[in-house]
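Engineer: Have a look at this fold, sequence not included:
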């Protein structure tokens, strides 16, 4: 299994500012994933963060808006830049790790962001 | 068309009832299938994987129909603690998971 922690757990930010979310995993993993879950919606993949290379962004997400760092195999950050109220969402970090029967995807507890 | 589609519900059922959720996916090349459970204000957690032959875990039965690109989850003898949102998840190339919109279940006493 994998135990994932995120900081902060929640924040209220003013529009135009930026917030950096930290994700820490208790084991070394090759890929870390960042998801967004908007109110009442399901999860949407923002990007995949690989150690030692640039993150791979999904359609609709760009590096200037969501810069990602991956300095080592247990840690990643996601920055939400120049925030607007539309960025209000839960941001979740995720990794693949060995489960009880096979590999499964584990999620951090999420960071609840409100932009005013 | 969404890649993974689910009926959003909510499904309101009494304790002890049997309830079934369905999910369809559009990418015929999808390799792996899962049901995740998400409690209110919590992160998603794996409920069960879905295998081609169908699989059962206690009160939960998952089935996959590749020809129809259809996945189901059956919950028997519903408990109050089963109340949650159930997410249908499909794994395509590169270990990328695509999530359905989720089906909300509310089990009432």
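Structural biologist: Thanks, I have it. Bear in mind that the values here come from a model prediction, so they are computed numbers and not experimental data.
Engineer: Can you pull out the low-pLDDT segments for chain B?
Structural biologist: B:1, B:93-95 (pLDDT under 70).
Engineer: State the helix or strand in which the residue in it that chain A sits nearest to lies.
Structural biologist: Using CB to the nearest CB, the closest approach of chain B to chain A is made by residue B:43 at 3.9 Å. (Glycine included, C-beta is placed from N, CA and C.) For residue B:43, there is no enclosing helix or strand under DSSP states H and E.
Engineer: show me what contacts it?
Structural biologist: Each residue near residue B:43 by CB atoms under 8 Å, 6 or more residues apart in numbering or on different chains is listed here: A:92, A:107-110.
Engineer: next one: residue B:55
Structural biologist: Here residue B:55 is in contact with B:48-49, B:61-62 (CB under 8 Å, 6+ apart).
Engineer: Centre-most residue in chain A?
Structural biologist: Of all residues in chain A, the one closest to the mean position by CA atoms, centre = their mean is residue A:34, 3.2 Å from it.
Engineer: what's the nearest residue to the closest residue to chain B within chain A if we skip its chain neighbours?
Structural biologist: Relative to chain B, the nearest point of chain A is residue A:107 (3.9 Å; CB to the nearest CB). Take residue A:107 and drop its neighbours on the chain: the residue closest to it by CB to CB, 6 or more residues apart in numbering or on different chains is residue B:43, 3.9 Å away.
Engineer: for chain A, longest strand please?
Structural biologist: strand A:89-98 (DSSP state E).
Engineer: just the angle between whatever helix or strand comes next after it and strand A:89-98, please?
Structural biologist: The element immediately downstream of strand A:89-98 (helix or strand, assigned by DSSP H and E) is strand A:103-107. Orientation check (axes from the mean of the first three to the mean of the last three CA atoms, to 10 degrees): strand A:103-107 against strand A:89-98 gives 150 degrees.
Engineer: who does the helix or strand following strand A:103-107 pair up with?
Structural biologist: Following strand A:103-107 in sequence order, the next helix or strand is strand A:111-115 (DSSP H and E). Next to strand A:111-115 in the sheet, as set by DSSP bridges, lie strand A:10-13 (parallel), strand A:89-98 (antiparallel).
Engineer: Show me which positions of strand A:111-115 end up buried.
Structural biologist: A:111-113, A:115 (16 or more other CB atoms under 10 Å in any protein chain shown).
Engineer: Redo those as CSV? Include pLDDT.
Structural biologist: Formatted as CSV, those follow (pLDDT from 0 to 100):
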residue, pLDDT
A:111, 97
A:112, 96
A:113, 97
A:115, 96
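Engineer: What is the distance between stretch B:67-83 and the centre of its chain?
Structural biologist: Relative to its parent chain, stretch B:67-83 has a centroid offset of 6 Å by CA atoms, centre = their mean, to the nearest Å.
Engineer: ok, residues contacting stretch A:74-88?
Structural biologist: A:13-29, A:32, A:34, A:38-39, A:46-47, A:49, A:64-70, A:91, A:93, A:113-116.
Engineer: Of these, which count as buried by neighbour count?
Structural biologist: Looking at these with 16+ other CB under 10 Å, the buried ones turn out to be A:13, A:19, A:21-23, A:25, A:29, A:32, A:34, A:46-47, A:49, A:65-68, A:70, A:91, A:93, A:113, A:115.
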